[in-house]
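Novice: Any chance you can model this:
(4 chains)
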Protein chains: 2
Amino acid sequence: MASNTALKGTAPVFAALGDETRLRLVSRLSSGGPASIARLTAGSSVTRQAITKHLQVLAGAGLVRSSRRGRERVWELRPRQLLQARESLDAISRQWDEALGRLKAFVER
Amino acid sequence: MASNTALKGTAPVFAALGDETRLRLVSRLSSGGPASIARLTAGSSVTRQAITKHLQVLAGAGLVRSSRRGRERVWELRPRQLLQARESLDAISRQWDEALGRLKAFVER
DNA sequence: CGCCGGCGCAACCATCCGGTTGCATTTCGC
DNA sequence: GCGAAATGCAACCGGATGGTTGCGCCGGCG
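Specialist: Just a heads-up that it's a prediction; the model follows:
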């Protein structure tokens, strides 16, 4: 009855997190709060355009959201998908523990 | 003092999990225990070679390990990296909660 | 009003990625 | 010993990806 259904749609989130630059962006947004593109680009080794693309990838995975504010665009974190990804890993860990339990029960028999 | 150091080296793990086929492989290995390539290929829509490549990607991220057993190769899960990825998400969530706390404190002032 | 800062759009490029096909190799079962 | 199963190796392919550069546009600010 193990629900691999829980994994449905989680892969894109992991894929979005599977890039060092994007992972740093997420971390930065989670710790520093909303920020503009220029602000996020400062302190990064790549171009503003690259940052923009990465942000759009993250947005595509539902991890961030943006809104215009004057002449700049402000990006903020959207923690829902993040938590869901965490729960997916939990689910896998749980499966693993159950399998271990079964194995142990089998061996001890 | 928020340690983005905790994220160091986590991106490859997320990248490895960021593919539906690989995610299913991990789930399958965690729930069903070790299995051979042919066994893992059965019930999948892609070729055995594709599965092999995916398994090697997962191995590169330290998520699985393999050993020869007669004429077949048996793959098994290695949950350490999985748990570490989970902790990375925890760390980000924690950062987020702290930021929320700071915001709330600021608003209430 | 004019200028500069902050973005968006588009083209372009090299590389990686997921996948397949074909063939060689090892091992088990009879 | 032979055939079939299970795997390994290598080449190849199309499309995604990460990155850059160039340019045009808009919104504040002095």
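Novice: Tell me where chain A has helices.
Specialist: Using DSSP state H, the helices of chain A run over residues A:11-17, A:20-32, A:37-41, A:48-60, A:79-108.
Novice: Output those in CSV, with distance to DNA strand D and mean pLDDT appended to each entry.
Specialist: C-beta here means a position set from N, CA and C on the backbone, and glycine is covered the same way. Shown next, in CSV, are these (distance: least, CB to the nearest atom of the strand, whole Å; pLDDT from 0 to 100):
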stretch, distance to DNA strand D, mean pLDDT
helix A:11-17, 7, 98
helix A:20-32, 5, 97
helix A:37-41, 9, 98
helix A:48-60, 4, 98
helix A:79-108, 16, 89
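Novice: DNA strand C contacts on chain A?
Specialist: Within chain A, the positions lying close to DNA strand C (CB under 7 Å from any atom of the strand) are A:36-39, A:41, A:48-49, A:52, A:66, A:68, A:71-74.
Novice: Kindly supply the PyMOL command isolating those of those that are buried.
Specialist: Applying 16 or more other CB atoms under 10 Å in any protein chain shown to those, the buried members can be selected in PyMOL as follows:
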select buried, chain A and resi 36+37+41+52+66+74
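Novice: what's the most buried one of the helices of chain A?
Specialist: Of the helices of chain A, the one with the most neighbours on average (mean count of other CB atoms under 10 Å in any protein chain shown) is helix A:11-17, at a mean of 23.
Novice: For stretch A:31-39, give me every contacting residue.
Specialist: Here stretch A:31-39 makes contact (CB atoms under 8 Å, 6 or more residues apart in numbering or on different chains) with A:28-29, A:48, A:51-52, A:55, A:69, A:72-77, B:2, B:4, B:95-96, B:98-99, B:103.
Novice: First-to-last residue distance for that stretch?
Specialist: 14 Å (CA to CA, to the nearest Å).
Novice: Tell me the gap between it and the middle of its chain.
Specialist: 17 Å (CA atoms, centre = their mean, to the nearest Å).
Novice: and if you look at stretch A:76-91?
Specialist: 7 Å.
Novice: go on, stretch A:63-80?
Specialist: On the basis of CA atoms, centre = their mean, stretch A:63-80 sits 16 Å off its chain's mean C-alpha point.
Novice: Ends of that stretch, what's the gap?
Specialist: This stretch, stretch A:63-80, spans 8 Å end to end (CA to CA).
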